[in-house]
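> Sharing a sequence plus its predicted fold:
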Amino acid sequence: MNNRLRLKQAWTIARIELRRAFISKRAFWVYGLALLPAIIFFGHSVAVKFRRERLSAKGLVRPAVMDSIRPGEAVEAVLERLGKPPRDFQWERYRRIRPKGEAAGITAHEIISHRRLTYFDGQREAILNFTDGKLISSQIRRLLSFEEDRRIFAGVFQYFYLRLAVFFGCLGIFMNLFRGEMLDKTLHFWLLAPARREVLLAGKYGAGLIASAVIFAGGALLCFGVLLWTHNPAEVQAYWRSSGMGHVFWYAAAAVLGCIGYGSIFLAAGLLLRNPVIPAAVLLAWEGINNFLPEILQKLSVLYYLQSLCPVPAPVDKSMPAILQLLLAPAAPASRAGAILGLLSVTAFVLWLACLAVRRMQISTVLRRRNLC
Amino acid sequence: MTEPTVIFEEVSKFYGEVLGVNRITLRIPPGITSLAGPNGSGKTTLMNLMTGLIHPDHGSISMRGISSRDPERLMHITGYATQYDAAPRWATGFSFITTGLLLFGYRRPEAEEKAWKALETLGLAEAAHRKMASYSKGMRQRVGLAQAIAHEPELLVLDEPLNGLDPLVRAETIVLFRFWAAQGKHVILSSHVLQEVDAISDRVILIANGMIVAEGKIRDVREEIQERPSKFIVRCREASRVAALLFSEDFITEIRLNEDRQGLLVLAKDRERFSRSIRRIALDGHEIDSVIPADESVDALYEYLIGEGK
Amino acid sequence: MAITAVNGQEDLMAVYRLGYQRYQGPVAGRWARLKVIPRFAWRRLFQQRLTVLLIVIALIWPLLCAAFVYLANNAELLKGFGKQFQSFVEVNGDFFMAFMKVQAVFAVFLAALAGPGLIAPDLANNALPLYFSRPLTRSDYALSKLAVLFGMLSLITWVPGLFLFGMQAAMAGREWFWANWRLGAGMVLGFILWILLLSLAAMAGSAYARMKAVAGGFVLGFFFILGGVSELINGIFRVTWGHALNPAWASHRIWCAMLRVDPAAGPGVPACISMLFVIMFLLALVIERKVRPVEVIS
């Protein structure tokens, strides 16, 4: 049998598996994982649109006047200068007072009045918080900021897509290729095909890769598309002309390479270990603590290379405790060529291990009875 | 040109500390060969070894000149119907077989034609487009057989192929086995229905505890076991008299009288001399209704060869 | 059954009139019966080296915390250190919160390891009819399985926590105990809530996936992905209410209230409690739907 025929066999295997990967009931949760950010971005854009319309309908203030608001100003002064706000929300809080000295033991209550005014200048929203008639805090921000949304997308891509969606999605898809067949007791169907075991592995890996790459790269691109759709077309066009195309390419490349890397690991884990969840948990923990490890160890992770490919660095998690932020020492990102080569080398090594495992793989009647293989 | 043969050379297989098969040496010519033995004796292990689903820890296997470690070539000439009836969730009977055939390199129309032919042969044409998950056990068994024969292999390995088949399909399947065997193909099957094995096989391989205890044609196997006495059931009116007459012969080792006093179970060391004696007794006027050898079936062989281990 | 030939007539089959009589002897009490499943499950789990290893690793942090308690109660040992360090070495709500956070993570991994083997193999091998043909109801079965995880997870959560609390109370004296008994109670209640959530998630995963490996992934995914989704909502909508969707965050918020530790910005305790109840109800619903002694052939 020549290589052309082997390639044809691998493609036949991949086609069969692709159908399972794309349309089986078991795969639907993967779609949910991949499409969720796009759905939330869409929900946000719709919400912003409605909010803008609602605020605009009730009158706009001039940007200069909005910028003139200073802390400590009286509510009456602000109302006089900016006029009636589109949103005005007032409430009162009771505070318990325990006087010291002679009056100790007598509990009194104090009423504190709060008021929140919201103004809109067509682009920016000002939220002014008053306590007892004085401005104590204000927040002026663009209702829809392209810059900010792109930064958020970078965070979503790195923290959600790469760390969670691609990770768990590949765990589900690639683990199912061999381990799932073992559990379903249908693996012998494949092993009885007139194909070399390596061809079988290639076909199954190819199918998993195509399915995961289409789902996750597609999901990321769709999410980015939704993000662009919400914003001002002129702003989007300018971005597209400058660096947009490159960003889109590298986001898609990172998603695909994530599937290549994680896919190979989970495929091999499914072949080598009875319970692939254990290596998955270890890998998840390893990737999670990666940024706290010494530089050399950080390079032993799929995520390091994937993050090196991302066009926009992800913002640091502000909710992280200060002591942990001190320990955070991200290694300098690898060059893009280095990241791709590094990742492909790791994948090639892992697939070679998987090849060895699949060549030695046997159907065990003893293990079958114990529902293991 | 030498006859294509299935050869096992000193093959051993262990599952950890559990013995699968031990030092098996076999030469199986074309025709119908049955593997018989009690549960856990190693029949399925032997079949899995033949088809490369498991590899031997020691020794080598050649299937009509092809190593069992070369699935690419081996599975082109081999069809294996396993006893595992789990079916891929996505498959209908037709798509299951067609998909398998595509892996052989057939084009889709050709694969579909062959799949259809195999399904018709096994009487599954009507259920061809139903999901296999909804098939009965017998139907799954037949689909397994259909996928094994669909690519017209030279070597058929069938694990308990008659299990779950209704009598009509069972008879038709046996005819098919004979047809394939007549074409010079190997049909290697395992079965627990010993009478059936006896009836359809050209040769039987008896396995116990992972070892071959006998092989050949059942009658030949029986005759080779000279040191064991042969058993006969004699039905006659005067059982006590006949028993007394037989006891005078030195080749008789044991006689048991039946409760109805009209039958005897005789254990004789020499079959020829026993037949001569019984003929003489009949000619002397003692009414003998029947003389039936009680140990030429596979059941009897079991008892002789692996009785204790059963 | 007997087949006999009578006077040359055709063979007749004797049919014996037999009625089924149920066992009427003494049976063990309901609670004694409920203990059978956990007893065997624990024995099996403790035979797994990985489970034992994880439990041992999970007990390292409590040991370090015990050393911290000892240090905090030995003023002489602290003399050489600066005031800032001395004020840091104090056993209070923050200390127990740090203890709980680490143990909670280990509990997730232990649940992912021990939980999937609880129901999935019974469903995969159609073993439920065997259970329910005994004097065991579906709720008994579910409770027994819950008890298995509850016992396992207790070993690394509230049991060492209570030990630490007892150690501190013994070393610091009665006054400290009466002033801080809420910390001990809060910690135990907080852990029980967490164990309940984890156990239900592991059981639901085990019942839903029917495959041990997949169920383990489900438990990990349940916590990590819901955490990710909540951050996603917070990030994109610029809000903090998304935290309520994260069971880990919601539990943490409740612990903060119980241990009187300053919480992070986000939804309040009532919202978190409501959300946790909704999640637990949904998980229980999955278990209720899936743990049925029927085989569905599609």
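Structure's in. What do you need? As the structure is a computational prediction, the values presented were derived from the model and not from experiment. Numbering: from 1, shown residues only, chains lettered A, B, ... in the order given.

> can you map out the strands along chain A?
A:87-97, A:108-120, A:124-131, A:134-142 (DSSP state E).

> What lies in contact with the longest one?
Yep, that's strand A:108-120 we're talking about. A:52, A:55-56, A:60-61, A:66, A:75, A:78-79, A:82, A:85-97, A:99, A:125-133, A:143 (CB atoms under 8 Å, 6 or more residues apart in numbering or on different chains). Where you see a C-beta, it was placed from the backbone N, CA and C, and this is true even at glycine.

> contacting residues for residue B:127?
Residue B:127 neighbours (CB under 8 Å, 6+ apart): B:93, B:135, B:139.

> now the residues you listed as CSV including neighbour count?
Listed next are these as CSV, based on neighbours: other CB atoms under 10 Å in any protein chain shown:
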residue, neighbour count
B:93, 28
B:135, 20
B:139, 20
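
> Need those in a markdown table (columns: distance to chain C and pLDDT).
What follows is these, written out as a markdown table (distance: CB to the nearest CB, whole Å; pLDDT from 0 to 100):
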| residue | distance to chain C | pLDDT |
| --- | --- | --- |
| B:93 | 15 | 91 |
| B:135 | 9 | 85 |
| B:139 | 12 | 86 |
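
> Tabulate those in JSON lines, adding columns for secondary structure.
Shown next, in JSON lines, are the contacts of residue B:127 (DSSP: H, G, I helix; E, B strand; the rest coil):
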{"residue": "B:93", "secondary structure": "helix"}
{"residue": "B:135", "secondary structure": "coil"}
{"residue": "B:139", "secondary structure": "helix"}
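
> closest to residue B:201 among those?
In terms of CB to CB, no member of the contacts of residue B:127 lies closer to residue B:201 than residue B:139, at 25.5 Å.

> Please, which helix or strand holds the most centrally placed residue in chain B?
Among the residues of chain B, the one closest to the centroid is residue B:34, at 2.5 Å (CA atoms, centre = their mean). Secondary structure from DSSP states H and E places residue B:34 in strand B:31-36.

> Okay, buried residues for that strand please.
Judged by neighbour count using 16 or more other CB atoms under 10 Å in any protein chain shown, the buried positions of strand B:31-36 are B:31-36.

> ok, now stretch A:225-243?
Result for stretch A:225-243 [16+ other CB under 10 Å]: buried residues A:226-228, A:230-231, A:236, A:239.

> That stretch and chain C, are they touching?
No - judged by CB under 8 Å from any CB of the partner chain, stretch A:225-243 makes no contact with chain C; its nearest approach is 9.2 Å.

> Between the two ends of that stretch, how far is it?
15 Å (CA to CA, to the nearest Å).

> Give me the residues contacting it.
If you take CB under 8 Å, 6+ apart as the criterion, stretch A:225-243 is touched by A:38, A:41-42, A:44-45, A:48-49, A:144, A:146, A:149-150, A:153, A:244, A:311.

> residue contacts, residue B:168?
For residue B:168, no contacting residues are found, by CB under 8 Å, 6+ apart.

> before we move on, back to that, now the contacts of residue B:127 as JSON lines including distance to residue B:76?
Below are the contacts of residue B:127 laid out as JSON lines (distance: CB to CB, whole Å):
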{"residue": "B:93", "distance to residue B:76": "23"}
{"residue": "B:135", "distance to residue B:76": "27"}
{"residue": "B:139", "distance to residue B:76": "27"}
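
> Not counting sequence-adjacent ones, nearest residue to the residue of the stretch 101-250 of chain A found nearest chain C?
Relative to chain C, the nearest point of the stretch 101-250 of chain A is residue A:164 (4.3 Å; CB to the nearest CB). Distances taken as CB to CB, 6 or more residues apart in numbering or on different chains place residue C:228 nearest to residue A:164, at 4.3 Å, with adjacent residues excluded.

> give me the element the one you found is part of.
helix C:212-237.

> neighbours of residue A:297, just the number please.
14 (other CB atoms under 10 Å in any protein chain shown).

> quick one: pLDDT of it?
At residue A:297, the pLDDT value in this model is 82.

> Now do the contacts for it.
Remark: with contacts taken as CB under 8 Å, 6+ apart, residue A:297 is in contact with residue A:290.

> re the thing from before, point out the other helices and strands that the strand holding residue B:34 packs with.
The helices and strands touching strand B:31-36, judged by 3 or more CB pairs under 8 Å, 6 or more residues apart in numbering or on different chains; DSSP states H and E, are helix B:43-50, helix B:167-182, strand B:186-190, helix B:194-200, strand B:203-208.

> Can you give the distance of the longest one from its chain's centre?
What that stands for is helix B:167-182. Centroid separation for helix B:167-182 versus its chain: 14 Å, with CA atoms, centre = their mean, to the nearest Å.

> And stretch C:125-141, what's buried?
C:128, C:131-132, C:136, C:140-141.

> So which bits of the stretch 1-150 of chain C are right by chain B?
Near chain B, when you scan the stretch 1-150 of chain C using CB under 8 Å from any CB, you find nothing.

> can you list the weak-confidence ranges in the stretch 1-150 of chain C?
Scanning the stretch 1-150 of chain C for pLDDT under 70 picks out C:1-20, C:77-78, C:81-87.

> Chain A contacts on that one?
Counting by CB under 8 Å from any CB, the stretch 1-150 of chain C sits next to chain A at C:50, C:109, C:112-113, C:116, C:121, C:124-125.

> Dump those into TSV; add secondary structure as well.
Shown next, in TSV, are the residues of the stretch 1-150 of chain C next to chain A (three-state DSSP):
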residue	secondary structure
C:50	helix
C:109	helix
C:112	helix
C:113	helix
C:116	helix
C:121	helix
C:124	helix
C:125	coil
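
> what about residue B:200, distance to residue B:160?
According to CB to CB, to the nearest Å, residue B:200 stands 14 Å off from residue B:160.

> Residue C:121 too?
26 Å.

> Would you map the strands across chain B?
B:6-15, B:18-28, B:31-36, B:58-63, B:66-67, B:78-81, B:155-159, B:186-190, B:203-208, B:211-216, B:230-236, B:252-257, B:263-268, B:288-293.

> Could you please name the strands the longest one pairs with and the direction of each pair?
Think strand B:18-28. strand B:6-15 (antiparallel) (DSSP bridges).

> Can you name the residues in contact with the partner strand?
Here strand B:6-15 has contacts from A:364-367, B:20-28, B:45-46, B:49-50, B:54-64, B:155, B:186, B:188, B:210, using CB under 8 Å, 6+ apart.

> Only the buried subset of those, as a ChimeraX command please.
A single ChimeraX command selects the buried members of the contacts of strand B:6-15 (16+ other CB under 10 Å):
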select /A:364,365 /B:20,21,22,24,26,28,45,46,49,50,54,56,59,61,62,63,64,155,186,188,210
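
> Look at residue 113 and say how many residues are nearby.
If you meant another chain, say so; for now it's chain A. Other residues close to residue A:113 by other CB under 10 Å number 13.

> Chain B was what I was after
Residue B:113, neighbours per other CB under 10 Å, totals 14.

> And the pLDDT at the closest residue in space to residue A:44 that isn't next to it in sequence?
Excluding its sequence neighbours, the residue lying closest to residue A:44 (CB to CB, 6+ apart) is residue C:236, at 4.8 Å. pLDDT for residue C:236: 87.

> And residue B:30, by the same measure?
pLDDT, residue B:30: 92.

> again with residue C:183
The model's pLDDT for residue C:183 equals 92.

> give the contact list for it.
Contacts of residue C:183 (CB under 8 Å, 6+ apart): C:92-93, C:96, C:165, C:259.

> Please tell me which one of these counts the most neighbours.
Going by other CB under 10 Å, residue C:96 tops these with 25 neighbours.

> what about that one, helix or strand, and which?
Using DSSP H and E, residue C:96 falls in helix C:93-114.

> Confidence-wise, which of the buried residues of stretch A:225-243 comes last?
residue A:230 (82).

> Roughly how far does that residue sit from residue A:144?
The spacing between residue A:230 and residue A:144, counted by CB to CB, is 6 Å.

> overlap in contacts of those two?
In contact with both residue A:230 and residue A:144: A:45, A:48, using CB under 8 Å, 6+ apart.
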